[in-house]
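**Q** Quick one: sequence plus predicted model below, questions after.
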Amino acid sequence: MAKAMSGKTVTSPSTESLAESARAAQGEGLPPVQDWNPEYSGELDMRIARDGRWFHEGSPINRHGLVRLFSTILRNEGDDYYLVTPVEKVRITVDDAPFVAVDFEPDGTGRDLILTFETNVGDRATAGPRHPIRVARDPDTGEPSPYVLVRDNLEALIDRKSFYRLVELGTRDNGWFGVWSGGEFFRFARADELPDGTTGA
């Protein structure tokens, strides 16, 4: 796919060339995508849906290994998301957050609680100062959407079943209801806005 930008035509790479470049850049741990600065290579018809599924040209990408590979070269810049290799940079569409937190492991209780989340692409993140939890609310319905920062400005939407479990572990602190993890208190809602009977752990 070719797209004109600033007077020149940019041709987007194929998913095959991106995958090849991504594999070549893999080493121990995650690739250092924040250190790579290739020229913009155009847009790719790839989308990450709100439920975490990846699509290419409207069809789901069913190979988990390929989704995992692409997820390791994902970079967020403001409102835009890119797949970045040392030689290519393509913009893709992300409906909400790029990842989904599908489960978590609690360890400890009260202020000593540690919450370690696992995402749909295999990342793990322990909530705390470096990996904060935030809750956004729909301005019309008030419905909460909880997120946890996974890495490098990339968040995971905490799925519904996990959020319900978090609420069960919640507690009140200084007029707020939320959870502790990593020595930090993450606010979910004002305590006086909670339905009657919601007390937390």
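**A** Good, I have the coordinates.
**Q** where along this structure do the helices fall?
**A** Listed in chain order, the helices of the chain (DSSP state H) span 15-25, 64-71, 160-169.
**Q** between the ones you listed, which gets nearest to residue 102?
**A** Residue 102 lies closest, by Cβ to Cβ, to one member of these: helix 160-169, at 7.0 Å. (C-beta placed from N, C-alpha, C; glycine too.)
**Q** So which elements touch that closest one?
**A** strand 99-107, strand 114-119, strand 144-151 (3 or more Cβ pairs under 8 Å, 6 or more residues apart in numbering; DSSP states H and E).
**Q** who touches the second one?
**A** Think strand 114-119. With contacts defined as Cβ atoms under 8 Å, 6 or more residues apart in numbering, strand 114-119 is touched by 52, 99-108, 124-128, 131, 133, 148, 150, 156, 158, 162, 166, 169, 179, 181-182.
**Q** List the contacts of residue 99.
**A** By Cβ under 8 Å, 6+ apart, the residues touching residue 99 are 52, 71, 119, 120, 121, 123, 150, 154, 155, 156, 157.
**Q** How about it, nearest residue that isn't a chain neighbour?
**A** residue 156 (3.8 Å; Cβ to Cβ, 6 or more residues apart in numbering).
**Q** coming back round to it: show me which of the contacts of strand 114-119 are buried.
**A** Listed as buried from those are 52, 99-102, 104, 106, 125-128, 131, 133, 148, 150, 156, 158, 162, 166, 169, 179, 181-182; burial here means 16 or more other Cβ atoms under 10 Å.
**Q** tally of neighbours for residue 37?
**A** 8 (other Cβ atoms under 10 Å).
**Q** how close does it get to residue 88?
**A** Residue 37 is 11 Å from residue 88, where distance means Cβ to Cβ, to the nearest Å.
**Q** With distance to residue 79 and mean pLDDT added, can I get the helices of the chain in CSV?
**A** Listed next are the helices of the chain as CSV, based on distance: least, Cβ to Cβ, whole Å; pLDDT from 0 to 100:
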stretch, distance to residue 79, mean pLDDT
helix 15-25, 21, 81
helix 64-71, 19, 94
helix 160-169, 24, 96
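**Q** Out of the contacts of residue 99, which two sit at the greatest distance?
**A** Of all pairs drawn from the contacts of residue 99, the greatest distance, 14.1 Å, lies between 71 and 157 (Cβ to Cβ).
**Q** What's the local residue count around residue 32?
**A** 11.
**Q** Next one, pLDDT for it please.
**A** With respect to pLDDT, residue 32 scores 91.
**Q** dump the residue contacts of residue 96.
**A** The contact partners of residue 96, by Cβ under 8 Å, 6+ apart, come to 50, 145, 157.
**Q** Just grab the bridge partners of the residue nearest to residue 99 for me.
**A** Under DSSP bridges, the beta-bridge partners of residue 156 are residue 99, residue 148.
**Q** Just the pLDDT for it.
**A** On the pLDDT scale, residue 156 gets 98.
**Q** Contacts only, for it.
**A** Neighbouring residues of residue 156 by Cβ under 8 Å, 6+ apart: 97-101, 117, 119-120, 123, 125, 147-148, 150.
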